[in-house]
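Undergrad: I'll drop the sequence and a predicted model, then ask my questions.
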Amino acid sequence: MSNIAFSLLFLSIAFVLQTIDYIALEATGLYLLKPLVSGIVTIALAVLSAISVVTLPSKDAALTSSVIFITCAFWSAMGMSDISKEITPMLSQNISEETFKQMEVLLPGHGVLIVLFAIFSFLLLLFNHQKDHVVFMGLSLLSSVCFITNMWTNLKGRSVTFLSLAFITSYISARTFFHSFTKNINNLEELDFQSKRVIRYALNALSLSPWILNSLAVTESSTTGFVWPLSSGLFLLLHGVSGLRWGDITVSTCSIIDGLFWTSVGGSMYVELLKQYLDIFSPAVSIPVSFIVLSVAVVFVQTEILLSFQYLLLSILILTLNFDNNAKIAVSTFAWLSFILNVYGYVSYLCKSFSFKSNFPVGQNGLEKILSKMFANKKFMKNRVGVNKISENLFETNTVLGFSKYAESESLGYLANVVTVLAFVWVPQENSFLSLPWIITYGCCLQFVVGFICFSRGQTFESSSFLIFASFWLIWGGLRSLGLFKTDLGMSLGVGICSFLLIGLLFAGISINVNKIWTSIFLCFDLMLLATLLQVLGINDGYMIERIFGSALSISFVYAFLSSIIKMTYGKEIIPFGRPLKEINKIQKDKDQMLWAPARRASGVRKIAEKLKTGGICGIPSDTVYILVACCNQPEAVKRAYKSKKQAEDRPMSLWISNFRQIEAAKNEFSSLLWDFLHEIWPSNVSAVLKRV
């Protein structure tokens, strides 16, 4: 909880600085701090505040974290608008300090924040009764109202609102800090990342604000509100990365996908504002991104129906943003539908956080429930070994069990490469600047993160591959987007591409021992590099050849992405990666005889149990080594475990039980004192050593 105290302290500093600025403005007509300095400091404080609570997955902290994340997105957008006010006239010949309308930049987000703050305050007042949070959200609501009102009238007293917000955040910070010393709240049973879904829905709604306000004819163009998708995307990424460590992989994956998309869209909107382009998307980007989002909608239909509908509408919105250039009716329609769905999800998960009895349904595991009613599936748990009803319900779902130090993130790496490859080879050279936000966010930032996570999970080949791709897109994607590819640096560019080509050939050879998909990826990558080298050498056909092999590379990544995300969601390899072209050890040769099951999901545990009950053996990690397990009532399986481990048969193995009925036949081997003692303390970490019967 001290993290929350520090987070609120950073926010209170931001409120104090803004108060001083407004007091100076009302007294002298000038801001105290320069916009560039003020913007950088504001963004830094917002990011520090969010990072302070990003590592808190407890259910008690989820509500406060939601408040902080929404407020941080607000402050980050304010800081970005200050910075853009200073640098935009320098970067664009079409915009001057007089024509840059900062009020119109900030207006869309404030309009949506009024809705979000009002809903939060109302539900807090009804169900939670945390008066300090109610006051904080109420003052935040008032500050947004004052901002909008100030567009039509010169309203005084905004400094009083921000000063009040600084006081209430400081008070909550001090109270929380004191509370952390007087009460022990480190209860692992209360860890809950699901409650933080509120953050995701709120930030998605905030990202849609430019199109919502533009559809109401409040702003002249949706492009001017670029700071809101940019800021919301940044904090969605922070939210998603924290989920990779603490929570449900589905929540974190969706947050990262959303964050990357909105950050790239915000960057493209700013590029359009600078360069006066007609579109924020190139069809080379919008069509594949729309297809990927649609695929995500199909994959997640089993996880949450609301989530699936949200991605379905988003995929359509992406296409309309590119092709509905005139009337904008389709853009407004699908923007409103997406906004309504996100607000509904925001309200639904807020009610769940408040433990409100009449929750708004979102269709979690909806498809699974429908199918279970259509087909009379045999239940897995029959309570044959003394498992209680809570465990029975738990293992019949696909619940995430416990927490892992690192979560699987390869699907995000494949997704990033799909978007980056197509932006690199298909965006026209005259509009190449439009590809820069997509290449930087997807090709560089995300892949570096995925590469380091894979390295932490012991996936050396995957880690090295993603880091190579991240380096390539950062260097060569950046050069092409900035228009520096066709300079007189032919020899230098050629040497650089040849270096990557040699590395690609090396990894193509290694991938022969991994699987067919990685082999296909590196072969297409090397062929694309050869085509790029032809361009450097001045051969005109090189650009078209590069497009052909780039498209083949993107198809390979699409296949890998779908295979990975389906395996992650459903717990089985429906779309195979393919066996290695060269199998160099027995494990690879016998792979078809092995079952892969995600041990952190109830569905995976169910598959493992079913395999054990039918005489299979399983390898599981312990705190020191991997161990082989088998059902003790399956003699043949026990023999297989001994044989596989090459262990002498006279050496005993440990025996795990779930209740005492399983060892009643061996009661005579226990003394009465030991039997009664174990009855009192089990289950626990105490083991009993017995003679082998």
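TA: Sure thing, it's come through.
Undergrad: immediately after the biggest helix by length in the chain, which helix or strand?
TA: For the chain, the longest helix by residue count, based on DSSP state H, is helix 59-91. Where DSSP states H and E defines the elements, the next helix or strand beyond helix 59-91 is helix 102-123.
Undergrad: List the buried residues in that following helix.
TA: Applying a neighbour-count criterion of 16 or more other Cβ atoms under 10 Å, one finds 102, 104-121, 123 buried in helix 102-123. The C-beta positions use only the backbone N, C-alpha and C, and glycine is treated the same way.
Undergrad: Which helix or strand contains the closest residue to S481 other than its chain neighbours?
TA: Using Cβ to Cβ, 6 or more residues apart in numbering and skipping residues adjacent in sequence, the residue nearest S481 is L436, 3.8 Å away. Applying DSSP H and E as the criterion places L436 in helix 436-438.
Undergrad: Show me what the next helix or strand after that helix is packed against.
TA: Downstream of helix 436-438, the first helix or strand assigned by DSSP H and E is helix 447-456. Judged by 3 or more Cβ pairs under 8 Å, 6 or more residues apart in numbering; DSSP states H and E, helix 447-456 is in contact with helix 410-426, helix 460-472.
Undergrad: Please put the alpha-carbon coordinates of helix 447-456 into PDB.
TA: Output of helix 447-456 as PDB, limited to C-alpha atoms (Å, rounded to 0.1, in the frame of the first residue of the first chain):
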ATOM      1  CA  GLN A 447       9.800  -6.800 -29.700                       C
ATOM      2  CA  PHE A 448      12.500  -5.700 -27.300                       C
ATOM      3  CA  VAL A 449      10.100  -6.400 -24.400                       C
ATOM      4  CA  VAL A 450       9.100  -9.800 -25.800                       C
ATOM      5  CA  GLY A 451      12.700 -10.700 -26.500                       C
ATOM      6  CA  PHE A 452      13.800 -10.100 -22.900                       C
ATOM      7  CA  ILE A 453      10.800 -11.900 -21.500                       C
ATOM      8  CA  CYS A 454      11.600 -15.000 -23.700                       C
ATOM      9  CA  PHE A 455      15.100 -14.800 -22.500                       C
ATOM     10  CA  SER A 456      13.900 -14.800 -18.800                       C
END
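Undergrad: and F461, what pLDDT?
TA: F461 carries a pLDDT value of 90.
Undergrad: Tell me how far it lies from L141.
TA: Applying Cβ to Cβ, to the nearest Å, the value for F461 to L141 is 51 Å.
Undergrad: So for these two, which sits in the more crowded spot?
TA: L141 (19 against 15; other Cβ atoms under 10 Å).
Undergrad: what mean pLDDT would you report for the helix or strand hosting the more buried one?
TA: Remark: L141 resides in helix 131-149, with elements defined by DSSP H and E. Averaged across helix 131-149, the pLDDT comes to 71.
Undergrad: Assumed W336 was part of a helix.
TA: Yes: under DSSP: H, G, I helix; E, B strand; the rest coil, W336 falls within a helix.
Undergrad: okay, now C444: neighbour count?
TA: Number of residues near C444 (other Cβ under 10 Å) recorded here: 21.
Undergrad: My error: substitute T460 in the last question.
TA: Neighbours of T460 (other Cβ under 10 Å): 11.
Undergrad: distance of it from I475?
TA: Taken as Cβ to Cβ, the span from T460 to I475 is 23 Å.
Undergrad: Can you show me the strands along the stretch 551-693 of the chain?
TA: Assigned by DSSP state E, counting those that start in this stretch, the stretch 551-693 of the chain shows strands spanning 618-621, 626-629.
Undergrad: who are the neighbours in contact with F309?
TA: Going by Cβ atoms under 8 Å, 6 or more residues apart in numbering, F309 touches 297, 341.
Undergrad: pLDDT weak spots in the stretch 351-500 of the chain?
TA: For the stretch 351-500 of the chain, the stretches flagged by pLDDT under 70 are 355-359, 364-407, 429-431, 485-491.
Undergrad: Could you do the stretch 1-150 of the chain as well?
TA: 1-3, 25-26, 29, 54-62, 97-99, 128-133, 147, 149-150.
Undergrad: make it 50
TA: Along the stretch 1-150 of the chain, no part satisfies pLDDT under 50.
Undergrad: these two touch, right, I620 and Y626?
TA: Yes: at 6.9 Å, I620 counts as touching Y626 under the criterion of Cβ atoms under 8 Å.
Undergrad: Now do the SS call for L32.
TA: Assigned with three-state DSSP, L32 falls in the coil class.
Undergrad: so who does the residue lying closest to it once chain neighbours are set aside touch?
TA: Spatial nearest neighbour of L32, chain neighbours left out: A24 (4.0 Å); criterion: Cβ to Cβ, 6+ apart. Remark: with contacts taken as Cβ under 8 Å, 6+ apart, A24 is in contact with 30-32.
Undergrad: Am I right that A24 falls within a helix?
TA: Yes: assessed with three-state DSSP, A24 lies in a helix.
Undergrad: I figured N214 hits W228, correct?
TA: No: assessed by Cβ under 8 Å, N214 is found out of contact with W228, at 11.8 Å.
Undergrad: what touches both of the two?
TA: Common neighbours of N214 and W228 (Cβ under 8 Å, 6+ apart) are P108.
Undergrad: which one of these two has more residues nearby?
TA: Remark: of N214 and W228, W228 carries more neighbours, 32 against 21, as counted by other Cβ under 10 Å.
Undergrad: any idea what sits nearest the more buried one, other than its immediate chain neighbours?
TA: G109 (4.2 Å).
Undergrad: now swap in E546 and tell me
TA: A531 (3.7 Å).
Undergrad: what do you get for L141?
TA: In space, L141 is closest to F117, 3.9 Å off (Cβ to Cβ, 6+ apart).
Undergrad: Could I get the full set of helices for the stretch 451-600 of the chain?
TA: For the stretch 451-600 of the chain, the helices defined by DSSP state H, counting those that start in this stretch cover 460-472, 478-481, 490-511, 516-536, 542-570, 586-589.
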